[in-house]
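> Using only what follows, build the 3D model:
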Amino acid sequence: MKSSPFFLTALALIIITGCKKDDVSTVILQSTEYRLNASNGSSITGTATFTEDSDGKTEVLIELDDGSSTAVHPAYIRFNTAEEGGAVALTLEACECAISRTTVSKLDVGTSISYEGLLKLDGHISIHESPDDYTVISVANIGVNAD
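Down below sits the predicted model:
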């Protein structure tokens, strides 16, 4: 069977253009880190890092240190200082195997919030023992309350 040069050229172009990499990596523009401190007799510490990337996305990354288990630990940004306590401002992804990664754009009540807004928030982060036990095991003051 005889192949036409046009067919082979068209096939080559389809393969080449079909294999383009559309992945464009984003760049972190700003980052702020907060230290999570053990609370209520736990030994759970860690870091919470807020980042803003070149796509305008804000992410909250929580990394619990050694001493945390593979258990699921609910995580929240709450209003007021950790010492005062406060209502939930933003429900974060639960820490599973010591990691939580949440892309943030709105508070739980629907109000928009940006990276800059988080840095100005009167708030704190609370990490809880489990979905069934809301004992706070680790905290960090954030925003205007940061130590």
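> got the contact list for V136?
Applying CB atoms under 8 Å, 6 or more residues apart in numbering, we find V136 in contact with S39, N40, S126, I127, H128, E129. C-beta coordinates here come from the backbone N, C-alpha and C atoms, glycine included.
> Any idea how many residues pack against the third one?
Just to be clear, that refers to S126. 24 (other CB atoms under 10 Å).
> so who does it touch?
A75, Y76, R78, A82, V136, S138, V139.
> what element comes up after the helix or strand containing it heading to the C-terminus?
Assigning secondary structure by DSSP states H and E places S126 in strand 122-128. The element immediately downstream of strand 122-128 (helix or strand, assigned by DSSP H and E) is strand 136-143.
> so that following strand versus strand 122-128, what angle?
Counting by axes from the mean of the first three to the mean of the last three CA atoms, to 10 degrees, strand 136-143 points 160 degrees away from the direction of strand 122-128.
> From G86, how far off is L118?
15 Å (CB to CB, to the nearest Å).
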